[in-house]
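> no letters, just coordinates:
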Ligand code: FAD
Ligand code: NAD
């Protein structure tokens, strides 16, 4: 009889956990995955990436029809109306298809799904739904949850003060939505409800939106969202929320302190970040401590300090992104199987799925300058506006630009940032080029199909050496 019930037990079936489980099974390991939700796929498939993209897509179609973009191209529509239940229904279908798809893949790969909350008894023993399971290796992939804001209590059921999960499920278009936090969730979901008819005000603690992104991109994004009708209160914090009937009154103060002002809303979205899920996991039972940010630390191989216990995804340091979690899921399974699983954390693209989309990979210009200065070197930056890209011009999607940042001495690409209607798709080539250690010249001399938005990446790379063609 085997010493353990399983070779690998994964806790959490988000993009990190379900991918780790499938890869482990593909590598011949007896694998189970514990998940407390009723469906697989974690935050991303159930209440994150997928439902938000369904609403972003639907609301974009609505805006195109309602505000004349379709008409401009000869598609005449009249009496455009929003059928919110239908939009929410289509979102639910996408979620059902994809979460069901993971269940299918588990069956196909013979991964046992243990439904219930998992907690360690010891490093190789985990209790799930009243049963005890043993495994030679346990992978913690428990993800993250919304960071609460003291004084602003979320109640998704009422739909007045909501987090991202509540904002994905509203059954009405609020008249005035106040978004607390001008990060990725705030701008994506704020865009959804603005397109559907809400007045949207974003309250952001910092003096710019989208912390962590390239400075010029952040500035341009602010300008574009303002042009689209979003209102911003930067360098401002919310200190209190009072619900009265169907209205919420917020108390706002300058971030640096000062006179308070009141703001009334019929829906408030709290989107000030997410924090790792480690509560109730029994980490004390295995002596695994958290870092100051509540995350589990691992080595490059995703092993924790406790032998046989590994961790991946949002619960460990790094950007909280589904594709980062997925890649770590593959790598951890390969490491458990005795292979060499690696993730290049320097080349993880990030995308904000607004219109236009915002995307970046590698260092921002500010980070690149600092990193190069430390080596006594400089950076060269090439920029190309979407206004000069033929396809963007043809499609009437001329907002934004592409920016390529390279080491001035070696020409190696250090980062690529962009705002463009399809930046989320365009960033893939930049990530691949950087993964292969490309120079800006490599990108500039790669033949790009015409007419495509991606030609702007080629031209920005050409601009690094000062010679784009169409500018
Ligand atoms: P999760 O997806 O959070 O999954 C962890 C799972 O573990 C959960 O299902 C949870 O129920 C389960 N679990 C936790 N504890 C236990 C336990 N003790 N026992 C059993 N099960 C447990 N990222 C992108 O890259 N692109 C996007 O477009 C994007 N959009 C997003 C939109 C929103 C609104 C949100 C909230 C997030 C979005 N993200 C996006 C982030 C993305 O969802 C996360 O980075 C990703 O889901 C992390 O994957 P994970 O596997 O680490 O954890
Ligand atoms: P975020 O970290 O992107 O943004 C939070 C924002 O809130 C920041 O701008 C921060 O300065 C601000 N903030 C913090 N405290 C505040 C306060 N008290 N008052 C006002 N503003 C405050 O976090 P998020 O938007 O909640 O998203 C959480 C995570 O989910 C992110 O890490 C992101 O990577 C991930 N996500 C990714 C995508 C995507 O890839 N497209 C989409 C949604 C979410």
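Received the coordinates, thanks. Values in this document were obtained by computation on a predicted structure and should not be read as measured data. Ligands and ions are numbered 1, 2, ... in the order given.
> I'd like to know how far whichever residue of the stretch 51-200 of the chain sits closest to ligand 2 sits from residue 122.
Across the stretch 51-200 of the chain, no residue is closer to ligand 2 than residue 183, which sits at 1.8 Å (CB to the nearest ligand atom). For the C-beta atoms, the positions are set from N, CA and C on the backbone; glycine is no exception. As judged by CB to CB, to the nearest Å, residue 183 and residue 122 stand 38 Å apart.
> name the residue in the two with the higher neighbour count.
The residue with more neighbours, out of residue 183 and residue 122, is residue 183; 21 against 14, by other CB atoms under 10 Å.
> ok, that one touching residue 210?
Yes: when contacts are counted by CB atoms under 8 Å, residue 183 is listed as touching residue 210 (6.4 Å).
> burial check on the nearest residue in space to residue 119 that is not next to it in sequence, number of neighbours?
Distance criterion CB to CB, 6 or more residues apart in numbering; nearest residue to residue 119, sequence neighbours excluded, is residue 282 at 3.9 Å. When neighbours are counted by other CB under 10 Å, residue 282 registers 16.
> go on, the one 10 residues further on?
Residues lying near residue 292 (other CB under 10 Å) number 5.
> swap in the one 3 residues further on?
Here the neighbour count serves as a burial measure; for residue 295 (other CB under 10 Å) it reads 18.
> and the helices in the stretch 1-150 of the chain?
Along the stretch 1-150 of the chain, the segments classed as helices by DSSP state H, counting those that start in this stretch run 15-26, 42-47, 49-66, 69-72, 84-109.
> and the first one, what does it pack against?
So the one you mean is helix 15-26. strand 6-11, strand 31-35, helix 42-47, helix 84-109, helix 322-336 (3 or more CB pairs under 8 Å, 6 or more residues apart in numbering; DSSP states H and E).
> quick one: the third one to chain centroid distance?
Read that as helix 42-47. Between the centre of helix 42-47 and the centre of its chain there are 11 Å (CA atoms, centre = their mean, to the nearest Å).
> and it, anywhere near ligand 1?
Yes: residues of helix 42-47 contacting ligand 1 under CB under 6 Å from any ligand atom: 42, 43, 44.
> CSV for the residues you listed, including pLDDT, neighbour count and distance to residue 69?
Below are these laid out as CSV (pLDDT from 0 to 100; neighbours: other CB atoms under 10 Å; distance: CB to CB, whole Å):
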residue, pLDDT, neighbour count, distance to residue 69
42, 98, 29, 34
43, 98, 26, 32
44, 98, 24, 30
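> which of the residues you listed sits closest to ligand 1?
When these are compared for distance to ligand 1 (CB to the nearest ligand atom), residue 42 wins out at 2.6 Å.
> with adjacent residues omitted, what lies nearest to the closest one?
Spatially, and ignoring its direct neighbours in sequence, residue 42 is nearest to residue 14 (2.2 Å; CB to CB, 6+ apart).
> residue 11 too?
residue 118 (4.5 Å).
> that neighbour bridge partners, please.
Note on residue 118: beta-bridge partners residue 128, judged by DSSP bridges.
> that older thread, distance to residue 174 added to the helices and strands packed on helix 15-26, as JSON lines?
Below are the helices and strands packed on helix 15-26 laid out as JSON lines (distance: least, CB to CB, whole Å):
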{"stretch": "strand 6-11", "distance to residue 174": "37"}
{"stretch": "strand 31-35", "distance to residue 174": "32"}
{"stretch": "helix 42-47", "distance to residue 174": "19"}
{"stretch": "helix 84-109", "distance to residue 174": "12"}
{"stretch": "helix 322-336", "distance to residue 174": "27"}
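> mind checking those for the one nearest to residue 222?
Closest to residue 222 of these is helix 322-336 (CB to CB; 25.6 Å).
> and that closest one with helix 49-66, angle?
Calculated by axes from the mean of the first three to the mean of the last three CA atoms, to 10 degrees, helix 322-336 forms an angle of 160 degrees with helix 49-66.
> any chance you could list what contacts helix 322-336?
Applying CB atoms under 8 Å, 6 or more residues apart in numbering, the contact partners of helix 322-336 are 7-8, 14-21, 23-24, 26-27, 29, 44, 48-49, 137, 139, 141, 143, 301-303, 310, 312-314, 316, 318, 340-343, 345, 348-349.
> quick one, which of the residues you listed are buried?
Buried by 16 or more other CB atoms under 10 Å: 7-8, 14-21, 23-24, 26-27, 29, 44, 48-49, 137, 139, 141, 143, 302-303, 310, 312-314, 316, 341, 343, 348-349, out of these.
> what residues are up against the residue nearest the centre of the chain?
Closest to where the C-alpha atoms of the chain average out (CA atoms, centre = their mean) is residue 321, at 4.6 Å. If you count contacts by CB under 8 Å, 6+ apart, residue 321 has them with 348, 350.
> tell me the confidence at it?
Looking at residue 321, its pLDDT reads 98.
> now it: how far from residue 360?
Using CB to CB, residue 321 is found at 12 Å from residue 360.
> now for those two: what residues contact both?
Counting by CB under 8 Å, 6+ apart, the shared contacts of residue 321 and residue 360 are residue 350.
> chain center to the lowest-mean-pLDDT helix or strand in the chain, what's the gap?
Counting by mean pLDDT, DSSP states H and E, the chain has its least confident helix or strand at helix 69-72, which shows a mean of 94. Centroid separation for helix 69-72 versus its chain: 30 Å, with CA atoms, centre = their mean.
> need the residues that contact that helix.
63, 64, 77, 396.
> show me which residues of the stretch 301-450 of the chain are close to ligand 1?
Taking CB under 6 Å from any ligand atom as the contact definition, the stretch 301-450 of the chain meets ligand 1 at 313, 314, 320, 321, 322, 323, 325, 353.
> I misspoke; the intended subject was the stretch 101-250 of the chain.
Contact residues (CB under 6 Å from any ligand atom) of the stretch 101-250 of the chain with ligand 1: 117, 118, 141, 142, 143, 144, 164, 185.
> redo these as a markdown table? Include distance to residue 290.
Shown next, in a markdown table, are these (distance: CB to CB, whole Å):
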| residue | distance to residue 290 |
| --- | --- |
| 117 | 19 |
| 118 | 17 |
| 141 | 16 |
| 142 | 12 |
| 143 | 15 |
| 144 | 13 |
| 164 | 23 |
| 185 | 24 |
